[in-house]
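Peer 1: Pasted the sequence and its predicted model underneath.
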Amino acid sequence: MSQTMIGVIGGSGVYQIDGLSGAEWISVDSPWGAPSDQILTGKLEGMPMAFLPRHGRGHVHSPTTVPYRANIDALKRLGVTDVISVSACGSFREEMAPGDFVVVDQFIDRTFAREKSFFGTGCVGHVSLAHPTCPRLGDACETAARSAGVTVHRGGTYLAMEGPQFSTLAESKMYREVWGCDVIGMTNMPEAKLAREAELCYASVAMITDYDSWHPQHGEVDITAIIETLTGNADKARALVSRLPALLGPDRAPCPHGCDRALDFAILTAPDARDAGLVAKLDAVAGRVLGHG
Ligand SMILES: CSC[C@H]1O[C@H](OP(=O)(O)O)[C@H](O)[C@@H]1O
Ligand SMILES: Nc1ncnc2[nH]cnc12
């Protein structure tokens, strides 16, 4: 049995969380570069928690330049066991309205200009991503959102686009009508892939800000309207997070879905063929299976 430590990655509009006892912004060194910002650490309802603003305070990083590997590595290095990602998203469904939350469970990755894996030449690893989010953590997010009075939808496919421009009308219609996606954003990939490689349970809460461009009554995406909705969403996100410690509990049994054992059979490179430099960089992410002390 390990101790639960929640890591929250805050998206657009969510640059801090309140109510942590012993709150302190700390710098975490990662062999994968500098994380997006310092990480806010402290305790919430007695449970250790780490909060990282994905774009940095002041919204410095674009979706393309967010240092996804450093962020996940830094959270793992701090002892985080469960990652909750909260993200501003457009909606492809009439019933998923601005202000609602969606506990996403699938992704289609259309990003193309990002580093997507901790593994590579000299240490090749392949994890399963059929179920990229953790249902146990999704349950907690759904329950927390409901008890915070938020309209929440369980399950949905998130289209991850490169950005930073929003989609064309043709793309928006294709994602909705042909690909059957439910929400769209620019950041959950490769974040979810990297969390799986790092054996972290990962849940994604999409905070709906707009109807992208497909909706005949809502016209095209408007950043001013998005920002207005974001402000209300951020308060709801903080209300959700504050309920998670009681729902997850301090003692953490192994994940029933195997997120925390994703690397058991993933690494193919023979021990004597491994690149020592890469293996050293993997100390936090894959130390459990690579034999780091
Ligand atoms: C604020 S509009 C576009 C911006 O918002 C989303 O960010 P995040 O996923 O970090 O909440 C979206 O992915 C874009 O980066
Ligand atoms: N319509 C949209 N497309 C991509 N990312 C978004 N984030 C918020 N709304 C979005």
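Peer 2: It's in. Numbering: from 1, shown residues only. Ligands and ions are numbered 1, 2, ... in the order given.
Peer 1: and the stretch 151-293 of the chain, which residues reach ligand 2?
Peer 2: Taking CB under 6 Å from any ligand atom as the contact definition, the stretch 151-293 of the chain meets ligand 2 at Met161, Phe166, Ile184, Gly185, Met186, Thr209, Asp210, Asp212, Val221, Ile226. Where you see a C-beta, it was placed from the backbone N, CA and C, and this is true even at glycine.
Peer 1: So which of those residues is the closest to His257?
Peer 2: In terms of CB to CB, no member of these lies closer to His257 than Gly185, at 23.1 Å.
Peer 1: shouldn't that closest one be in contact with Tyr158?
Peer 2: Yes. If you go by CB atoms under 8 Å, Gly185 and Tyr158 touch, sitting 6.1 Å apart.
Peer 1: anything in contact with each of these two?
Peer 2: Taking CB atoms under 8 Å, 6 or more residues apart in numbering as the contact criterion, the residues that touch both Gly185 and Tyr158 are Cys89, Ala206.
Peer 1: quick one on the thing from earlier: and the least confident of the residues of the stretch 151-293 of the chain next to ligand 2?
Peer 2: Summarising pLDDT for these: the lowest-scoring member is Val221, with 87.
Peer 1: That one in helix, strand or coil?
Peer 2: Per DSSP: H, G, I helix; E, B strand; the rest coil, the secondary structure class of Val221 is coil.
Peer 1: That one contacts Leu169, correct?
Peer 2: No. Under the criterion of CB under 8 Å, Val221 makes no contact with Leu169, lying 10.4 Å away.
Peer 1: More neighbours: those two, which one.
Peer 2: Taking other CB atoms under 10 Å, Val221 and Leu169 do not tie; Val221 has more neighbours (18 against 11).
Peer 1: rewinding a little: okay, and the common contacts of Val221 and Leu169?
Peer 2: Common neighbours of Val221 and Leu169 (criterion: CB under 8 Å, 6+ apart): Ser213.
Peer 1: which of the residues of the stretch 151-293 of the chain next to ligand 2 are buried?
Peer 2: Among these, those scoring as buried are Met161, Phe166, Ile184, Gly185, Met186, Thr209, Asp210, Asp212, Val221, Ile226 (criterion: 16 or more other CB atoms under 10 Å).
Peer 1: from those residues, which are also near ligand 1?
Peer 2: Contacts with ligand 1 within those, as defined by CB under 6 Å from any ligand atom: Gly185, Met186, Ile226.
Peer 1: ok, the residue of the chain found nearest ligand 1 - how many residues close by?
Peer 2: The shortest separation between the chain and ligand 1 is 2.2 Å, found at Gly11 (distances taken as CB to the nearest ligand atom). The number of residues packed around Gly11, counting by other CB under 10 Å, is 29.
Peer 1: Could you do Gly13 as well?
Peer 2: 23.
Peer 1: Run through the residues that contact the closest residue to it other than its chain neighbours.
Peer 2: The shortest distance from Gly13 to any non-neighbouring residue, by CB to CB, 6 or more residues apart in numbering, is to Leu230 (3.5 Å). For Leu230, the contacting residues are Ser12, Gly13, Ala88, Met207, Thr209, by CB under 8 Å, 6+ apart.
Peer 1: if you set the cut-off to 10 Å instead, what comes out?
Peer 2: Taking CB atoms under 10 Å, 6 or more residues apart in numbering as the criterion, Leu230 is in contact with Gly11, Ser12, Gly13, Val14, Ala88, Pro98, Met207, Thr209, Asp210, Ile223, Ala237.
Peer 1: How about Gln16?
Peer 2: Taking CB under 10 Å, 6+ apart, one finds Gly10, Ala23, Trp25, Leu40, Phe51, Pro53, Arg57, Ala234, Arg238 in contact with Gln16.
Peer 1: quick one: contacts of the helix or strand hosting Leu40?
Peer 2: If you go by DSSP states H and E, Leu40 is part of strand 39-44. Surrounding strand 39-44, the residues in contact under the criterion CB under 10 Å, 6+ apart are 5-8, 10, 15-28, 48-53, 57, 71, 74-75, 77-80, 241-246.
Peer 1: partners of the following helix or strand past that strand in the sheet?
Peer 2: On the C-terminal side of strand 39-44, the nearest following helix or strand under DSSP H and E is strand 47-53. With DSSP bridges as the criterion, the sheet partners recorded for strand 47-53 are strand 6-10 (parallel), strand 39-44 (antiparallel).
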